[in-house]
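1. based on what follows, work out the 3D shape:
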Amino acid sequence: MSEHVTVELRLIEQTFRLSTTVEEKADLERAGQLLNEKFQEFRRKAPNVEHNKLVIMVALELMQEVLAMNKSLQEYSHCERLLSSILEDVEKAV
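-> Reported below is the predicted structural model:
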């Protein structure tokens, strides 16, 4: 069983205390770092946009990235199944 730890992260100008496992701690910290970098990128591009709107814009862009990766994985999986089917056909023919 994984040991749980509490991590304090400063995310988008707010502090959060989150529970995670020892194994996932580094990934959580890295995710927080990437989130902060994305927020600061948006802040530089649109310094006059209010905080809440920037947070939503960041969340929307990150979700678009998730959807694009998911689509790529689905296409990869489809190609993998096709290749497997072709290899089976070749083995049967040999």
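2. when you work out contacts or count neighbours from here on, use the C-alpha atoms and nothing else.
-> Noted.
3. near Leu9, how many residues? Count them for me, please.
-> Using other C-alpha atoms under 10 Å, Leu9 has 16 neighbouring residues.
4. can you name every helix or strand that the host helix or strand of it contacts?
-> Taking DSSP states H and E as the definition, one finds Leu9 inside strand 4-11. If you count contacts as 3 or more C-alpha pairs under 8 Å, 6 or more residues apart in numbering; DSSP states H and E, strand 4-11 packs onto strand 14-21, helix 22-45.
5. pick the most buried one from these.
-> Comparing those by mean neighbour count (mean count of other C-alpha atoms under 10 Å), helix 22-45 ranks first with a mean of 15.
6. need the single longest helix in the protein, by residues.
-> helix 51-93 (DSSP state H).
7. what mean pLDDT would you report for it?
-> Helix 51-93 carries an average pLDDT of 91.
8. now do it: which elements does it pack against?
-> helix 22-45.
9. pLDDT value on Met1, please?
-> At Met1, pLDDT is 69.
10. got it, and Glu8?
-> Predicted confidence (pLDDT) for Glu8: 96.
11. my read: it touches Phe16, true?
-> Yes. Judged on C-alpha atoms under 8 Å, Glu8 makes contact with Phe16 at a distance of 5.6 Å.
12. give me the distance between Asn70 and Phe42.
-> For Asn70, the distance to Phe42 (C-alpha to C-alpha, to the nearest Å) stands at 24 Å.
13. next one: Asn36
-> 10 Å.
14. buried sites along stretch 42-62?
-> Residues Phe42, Arg43, Leu54, Val55, Val58 are the ones in stretch 42-62 that count as buried (16 or more other C-alpha atoms under 10 Å).
15. reformat the residues you listed into a markdown table and put distance to Ser85 next to each item.
-> Below are those laid out as a markdown table (distance: C-alpha to C-alpha, whole Å):
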| residue | distance to Ser85 |
| --- | --- |
| Phe42 | 45 |
| Arg43 | 49 |
| Leu54 | 47 |
| Val55 | 45 |
| Val58 | 41 |
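16. export the strand holding Leu9 as CSV, just CAs?
-> Output in CSV follows, covering the C-alpha atoms of strand 4-11 (Å, rounded to 0.1, in the frame of the first residue of the first chain):
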residue,chain,number,x,y,z
HIS,A,4,0.2,9.1,1.6
VAL,A,5,1.8,12.5,2.0
THR,A,6,0.5,16.1,2.0
VAL,A,7,2.0,18.4,-0.6
GLU,A,8,1.6,22.2,-0.4
LEU,A,9,1.5,23.8,-3.8
ARG,A,10,1.2,27.3,-5.0
LEU,A,11,-1.1,27.1,-8.0
